[in-house]
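> Structure of the sequence below:
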Amino acid sequence: MRRLIIILNPIAGKGYAPRHIPFINEFLRNFEMDYEIHITKYAGEGIELAE
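All right, here's what the predicted structure looks like:
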């Protein structure tokens with residue numbers, strides 16, 4: 001099974017993006033997905049993680 005990597009920008013959506021983490025966790029657990037969530041800490045980190 002492949003591992004899903006989620007890159008979350010905490011500033012996205014006027015700062016509401018982190019509030020969706022519980023929903024993301026519940027949703028992916030229901031499908032028994034192997035995943036991890038990375039919350040970016042600085043501008044450009046999402047691009048670095050994606051490479």
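
> which residue ranges form the helices in this protein?
21-30, 45-50 (DSSP state H).

> could you dump the ones you listed to JSON lines with mean pLDDT?
Putting the helices of the chain into JSON lines (pLDDT from 0 to 100) gives the following:
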{"stretch": "helix 21-30", "mean pLDDT": "95"}
{"stretch": "helix 45-50", "mean pLDDT": "94"}
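
> mind putting those helices in CSV, mean neighbour count and distance to residue 10 included?
Heads up, the C-betas are built off the backbone N, CA and C, glycines and all. Formatted as CSV, the helices of the chain follow (neighbours: other C-beta atoms under 10 Å; distance: least, C-beta to C-beta, whole Å):
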stretch, mean neighbour count, distance to residue 10
helix 21-30, 11, 10
helix 45-50, 12, 11
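
> Of all those, which one comes closest to residue 5?
helix 45-50 (7.3 Å; C-beta to C-beta).

> list the helices and strands that closest one packs on?
strand 3-8 (3 or more C-beta pairs under 8 Å, 6 or more residues apart in numbering; DSSP states H and E).

> what does the strand it packs on rub up against?
With contact meaning C-beta atoms under 8 Å, 6 or more residues apart in numbering, strand 3-8 is reached by 17-18, 21, 24, 28, 33-40, 46, 49-50.

> switch the cut-off to 6 Å
The contact list for strand 3-8 (C-beta atoms under 6 Å, 6 or more residues apart in numbering) reads 17, 33-39, 46, 49.
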